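Visitor: Compute the structure for the input listed below.
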Amino acid sequence: MQRILILGGTGFVGRVLCARMATSHAETCVRVPTRHVSHARALMALPQVELEQGNVHDEAQLTRWLRGCDAVVSLVGILHGSEARFRHVHAELPRKLAAACTQAGVRRIVHVSALGAAANAPSSYLRSKAAGEAALKASGLDVSVLRPSVMFGEEDHFLNLFARLQRWAPAVPLAGAQARFQPVWVQDVAQALVRCLEDGATAGHTFEVAGPTVYTLAELVQLAGRCTGHERLVIGLPEGLGRLQAAVMGLLPGEPLLSADNLDSMKVDNIATGGLPGLDALRIRAASPAAVAPEYLHPAYDCKRLDALRARRG
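Guide: Numbers count the residues shown, from 1 in each chain. Below is the predicted model:
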């Protein structure tokens, strides 16, 4: 039986990937580390998932979890934090993973980075993503890298957030309103991960994982509002007011909705460059938010309709 280690398996992409593996690769055992097993209830019902309690940043534990595995999928990521925190999660963890893979004799890694990742990028998030890619590529291991645009899907914190805001807000003041994105369905990302695991020839390649349509952030907010029947006026904020909005949100309890580093990331178009292979190279026809979002944002949401859409797309 094949065994796959999934780091970040309890997150947004990880849960979808585990569910997909359960249906398409029932003979594969999936090992998922988590700090708190109680936070992974959604995965407990999947018979081939092994939950391991521990800290993915502990290199000794990483090596132990990797023993007996055929491949590892690296999904761990954060959207907010200090430069040191981004570096810890996005750069140091891939370096530790490469070392642990070498120690455990695991050569195959499929890693999720981000569109726009570059050493000279304007944000800590994108620079740290580039550093993580570089650490894995320098390891000499068989690495496939996926660079997705912003992801949407049933449990996303993106379109769902904008939909909720518009249920009560008379208007949406929006920083970075003209920033451009090429949103990709989380199901398509999970399928791309599976294809990379299946096809060893993808090792050594980087894929730009993006949807078929480019939107401004304002257009995505409007789409979310239309899906719920509560489309509001979007008021684009100039950079100064946008920075102020981000600073105020950063003072609120919990994870901020927007940070200054997010605004720095939006200085770079979050769209495919066309210079690298995309989803079509993995035999995936990308779905648009306009086709999928109405199914899960609609007030009369019916999971059966979304299941039917998934089934039609394979």
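
Visitor: Now do the phi/psi pair for residue 7.
Guide: phi -90, psi 130 (degrees, to the nearest 10).

Visitor: so residue 145 sits right up against residue 111, yeah?
Guide: Yes - with contacts counted by CB atoms under 8 Å, residue 145 reaches residue 111, the gap being 5.2 Å. Quick note: C-beta positions are derived from backbone N, CA and C, even for glycine.

Visitor: Please identify every residue contacting each of the two.
Guide: Common neighbours of residue 145 and residue 111 (criterion: CB atoms under 8 Å, 6 or more residues apart in numbering): 133, 136.

Visitor: just to confirm, which helix or strand has residue 52 in it?
Guide: strand 49-53 (DSSP states H and E).

Visitor: model confidence over that strand, on average?
Guide: Across strand 49-53, the average pLDDT comes to 91.

Visitor: And the strands in the stretch 151-300 of the chain?
Guide: Ranges of strands in the stretch 151-300 of the chain, per DSSP state E, counting those that start in this stretch, are 151-152, 171-175, 180-181, 184-185, 206-209, 215-216, 233-237.

Visitor: Would you mind telling me which of the ones you listed is nearest residue 95?
Guide: strand 206-209 (18.0 Å; CB to CB).

Visitor: before we move on, the earlier item: to residue 289, which of the strands of the stretch 151-300 of the chain lies closest?
Guide: strand 151-152 (5.4 Å).

Visitor: In contact with the residue located most distally from the centre of the chain, which residues?
Guide: Residue farthest from the centre of the chain, counting by CA atoms, centre = their mean, is residue 170 at 30.4 Å. With contacts defined as CB under 8 Å, 6+ apart, residue 170 is in contact with 232-233.

Visitor: That one and residue 234: what is the separation?
Guide: 12 Å (CB to CB, to the nearest Å).

Visitor: in the stretch 1-150 of the chain, which segments are predicted with low confidence?
Guide: Counting by pLDDT under 70, the ranges of the stretch 1-150 of the chain that qualify are 1.

Visitor: residue boundaries of the helices in it?
Guide: Here the stretch 1-150 of the chain has its helices, by DSSP state H, counting those that start in this stretch, at 12-24, 41-44, 59-66, 83-86, 93-104, 124-137.

Visitor: Now that we have the ones you listed, can you turn them into CSV and tack on mean neighbour count?
Guide: Compiled in CSV, these are given as follows (neighbours: other CB atoms under 10 Å):
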stretch, mean neighbour count
helix 12-24, 20
helix 41-44, 14
helix 59-66, 18
helix 83-86, 16
helix 93-104, 21
helix 124-137, 23
